[in-house]
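*Asks:* sequence and predicted structure, then a few things I'm wondering about:
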Amino acid sequence: CALAVASWLWATRLQTAAPGPPTWPLLGNVQHFLKQPVLLEHAADLYKQYGDVFRFYVGPKLVVVVTKPEDVKRVLVTTKWQERDPYFLGTLRKVTGNGLLINSGEVWQRHRKALEPTFHYTALHRYLDTFNKEVCLLSERLAAMGGQESDVLPLMCLSSLRITMCALGGMEYDVVEPDQYQQQQLASEFIGFLKVFQATMFRPWKAINSLMWMSEDGRKLKKIIGMAKDVTNRYLAALRVYNTKLEITSHFSSLLLEEKPEMQEMDDKISDEVVTVAVTATETMAGALAYALSALGLYPEWQVKAQQQLDEVFGEGGDFLRPATLEDIGKLTVIDAIVKETLRLFTVVPFLPRIIDEDIPLAGGRYVAPRGCCVAVASFLTHRDPDLYPEPDKFDPGRFLPGGSATSRKPFSYIPFGAGSRVCLGSSFATLEMKVTLATLLRQFTVVSGSTRKDLEHTLFSITAHPLKGFRLSFRARKEQSL
Ligand code: HEM
């Protein structure tokens, strides 16, 4: 029966004239991705071999990959509902439920509208105290490494998780989970999830739930889901108590409380949004920051430039380590350029998969992506296109400094946060968090990278990109006063 169904699916698969690797009956190109872990380099190789638009099959499923800004715009900006491909997000859905990432149509629109004011750049000043306080805690933990080299991704994940949940809920994260060990465990599970996600992405048979749950990956996934559910329930319970006591008025917590939480259905929707925000914010932020710090370790000339500007803005007196204000951050043009260049060169969300509900002409009409297929915008390849960025593999924040080549870039050539209606909800929040973190850490430490550039490029192909060997960094005190 299974063979008959698979044969029928294969015979009726969608087709395109776009080039791609030879396929095997029933399997498509799955055999290319069977050897774990699958690396982003695999996709880069296909791009080198087949060009700006190419296709591959996961079983009978057609995936068309686009990279050029014109095609990016055509796929991401439409008047129709934008839907992420449910096949690729199936594993994520098991953790986040039907939150913003997964939803589409009117439900997505209503929830997006309700959450947008929370993340609008005019609301960010409310989160600055939390950013400063939590980054101080991160500094203490990094200082406790005593200058030894270590993979900092778990620490970065914990810091990002705490920042998001504290800032948005207006309460200490320790209220939700007082046990520091458990906090670190949960943050580390986010990294484990990336591996499970990747393992299931190219194994179409794992889309069948019964097979999935029987596997080792399924068991890991169950553990992650259990932990996420437990923390979310405790977070919501604490939010309800603290909101009445402390009269916190953040949009996020009032949204959670206004939606009649006594109804089970509402409870599920709310908890789905909480997990979605936690998942989307935690490992994207952790990865982006760890890439930025690693790049500064590898290219110390940019670290020195950033530190010189920090010395100018914060002075070198006794209050050098004071909390950063929005005014300070506005003056840090070098850190701004470092953040932008990091997000270009190390695109943390490397693929934006869409299921399309009409035929889309691509590459100036040379090919057509047929209705119903998955079109994946490979933003990490767009960002390394030599036609768009001269010397694309070079880490050169100068291109984003006033007058730099990237300041007059082509529309849709810079898309670290996506584009169109499904653009990242937290982009302003994320950018400010990155700047405050870098401004705080670089005032105190000189960062040295034990990971080579090659290590950073050796990246797991998953929902977010992280180097297989982690981010090996050490932090050395810059000045006596910071000790
Ligand atoms: C450097 C950090 C981050 C990066 C690089 C990033 C990147 C992205 C990208 C590329 C998308 C769009 C994916 C697509 O088009 O399919 C996205 C969506 C999203 N991001 Fe982020 N993100 C970051 C941080 C955050 C933070 C801090 C939050 C929340 C506090 C957040 C919340 C979301 C949500 C909720 C969506 C789904 C939006 C929707 O579908 O309406 N992100 N992110």
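*Replies:* All right, it came through fine. The model shown is predicted, which means the values in this text are computed figures rather than measured ones.

*Asks:* output the below-cut-off pLDDT ranges for the stretch 101-250 of the chain.
*Replies:* Scanning the stretch 101-250 of the chain for pLDDT under 70 picks out 243-250.

*Asks:* the ligand contacts on that one?
*Replies:* Applying C-beta under 6 Å from any ligand atom, one finds that the stretch 101-250 of the chain approaches the ligand through 101, 112, 164. The C-beta positions use only the backbone N, C-alpha and C, and glycine is treated the same way.

*Asks:* and the spatially closest residue to the last one that is not a sequence neighbour, how many residues sit next to it?
*Replies:* Pointing back at T164 there. Closest residue to T164 apart from its sequence neighbours, by C-beta to C-beta, 6 or more residues apart in numbering: A281 at 4.1 Å. Using other C-beta atoms under 10 Å, A281 is surrounded by 24 other residues.

*Asks:* repeat for K454
*Replies:* K454: 9 neighbours (other C-beta under 10 Å).

*Asks:* A helix includes it, no?
*Replies:* Yes - the assignment for K454 by DSSP: H, G, I helix; E, B strand; the rest coil puts it in a helix.

*Asks:* could you find the closest non-adjacent residue to Y235?
*Replies:* According to C-beta to C-beta, 6+ apart, the nearest residue to Y235 is V176 (4.9 Å).

*Asks:* that neighbour: neighbouring residues, count only.
*Replies:* 22.

*Asks:* ok now stretch 57-77, how far from the chain's centre?
*Replies:* Its chain's C-alpha centre and that of stretch 57-77 lie 19 Å apart, by C-alpha atoms, centre = their mean, to the nearest Å.

*Asks:* where do the strands sit along the stretch 251-400 of the chain?
*Replies:* For the stretch 251-400 of the chain, the strands defined by DSSP state E, counting those that start in this stretch cover 351-355, 360-362, 367-369, 374-378.

*Asks:* tell me the centre residue of this protein?
*Replies:* By C-alpha atoms, centre = their mean, the chain has its centre lying nearest to T284, at 2.9 Å.

*Asks:* pretty sure it is touching V348, no?
*Replies:* Yes - using C-beta atoms under 8 Å, T284 makes contact with V348 at a distance of 5.2 Å.

*Asks:* which neighbours do these two share?
*Replies:* T464 (C-beta atoms under 8 Å, 6 or more residues apart in numbering).

*Asks:* how close does the residue in the stretch 351-483 of the chain positioned nearest to the ligand sit to V349?
*Replies:* As assessed by C-beta to the nearest ligand atom, the ligand sits closest to G426 within the stretch 351-483 of the chain, at 2.4 Å. From G426 across to V349, the span is 12 Å (C-beta to C-beta, to the nearest Å).

*Asks:* what do you get for A11?
*Replies:* Taken as C-beta to C-beta, the span from A11 to V349 is 34 Å.

*Asks:* so those two - more neighbours on which side?
*Replies:* V349 (20 against 10).

*Asks:* tell me the pLDDT at that one?
*Replies:* With respect to pLDDT, V349 scores 95.

*Asks:* got the contact list for the closest residue to it other than its chain neighbours?
*Replies:* Of all residues not flanking V349 in the chain, T464 sits nearest, at 5.8 Å (C-beta to C-beta, 6+ apart). With contacts defined as C-beta under 8 Å, 6+ apart, T464 is in contact with 194, 283-284, 287, 348-350.

*Asks:* try P19
*Replies:* 50-51, 53-55.

*Asks:* turn those into CSV, including distance to S271, pLDDT and neighbour count.
*Replies:* Shown next, in CSV, are the contacts of P19 (distance: C-beta to C-beta, whole Å; pLDDT from 0 to 100; neighbours: other C-beta atoms under 10 Å):
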residue, distance to S271, pLDDT, neighbour count
Y50, 43, 96, 16
G51, 44, 94, 14
V53, 40, 97, 23
F54, 39, 96, 23
R55, 38, 96, 27
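
*Asks:* confirm that the residue nearest to V349 sits in a strand.
*Replies:* No - with three-state DSSP as the criterion, T464 is coil rather than part of a strand.

*Asks:* ranges for the strands of the stretch 101-250 of the chain?
*Replies:* So, for the stretch 101-250 of the chain - with DSSP E, counting those that start in this stretch - the strands run 150-151.

*Asks:* so what's P323 closest to, chain neighbours aside?
*Replies:* N132 (3.8 Å).

*Asks:* again, but for S427
*Replies:* With C-beta to C-beta, 6+ apart, the residue lying closest to S427 is F417, at 4.0 Å.

*Asks:* for my notes, confirm the one you found occurs in a helix.
*Replies:* No - using three-state DSSP, the secondary structure at F417 is coil, not a helix.

*Asks:* my read: it touches F429, true?
*Replies:* No - using C-beta under 8 Å, F417 makes no contact with F429, being 10.7 Å away.

*Asks:* when those two are compared, which one has more neighbours?
*Replies:* F429 (25 against 18).

*Asks:* and that one, that's in a helix?
*Replies:* Yes - counting by three-state DSSP, F429 is part of a helix.

*Asks:* hey, where'd the helices end up in the stretch 1-150 of the chain?
*Replies:* 2-11, 40-50, 69-76, 86-96, 105-119, 128-143 (DSSP state H, counting those that start in this stretch).

*Asks:* oh sorry, the question was meant for the stretch 351-483 of the chain
*Replies:* Under DSSP H, counting those that start in this stretch, the stretch 351-483 of the chain gives helices at 379-382, 427-444, 453-457.

*Asks:* pLDDT on the second one, on average?
*Replies:* The reference is to helix 427-444. On average, helix 427-444 scores 97.

*Asks:* mind giving me the packing neighbours of it?
*Replies:* helix 105-119, helix 128-143, helix 153-169, helix 264-298, helix 300-314, helix 326-331, helix 333-345, strand 472-477 (3 or more C-beta pairs under 8 Å, 6 or more residues apart in numbering; DSSP states H and E).

*Asks:* show me what the third one is packed against.
*Replies:* Taking 3+ C-beta pairs under 8 Å, 6+ apart as contact, the helices and strands that helix 153-169 lies on are helix 128-143, helix 173-176, helix 180-201, helix 216-246, helix 251-258, helix 264-298, helix 427-444.

*Asks:* what do you get if the cut-off is 7 Å, keeping everything else the same?
*Replies:* helix 128-143, helix 173-176, helix 180-201, helix 216-246, helix 251-258, helix 264-298 (3 or more C-beta pairs under 7 Å, 6 or more residues apart in numbering; DSSP states H and E).

*Asks:* next, the buried residues of the third one.
*Replies:* Same thing as helix 180-201. Across helix 180-201, burial judged by 16 or more other C-beta atoms under 10 Å covers 183-184, 186-187, 189-191, 193-201.
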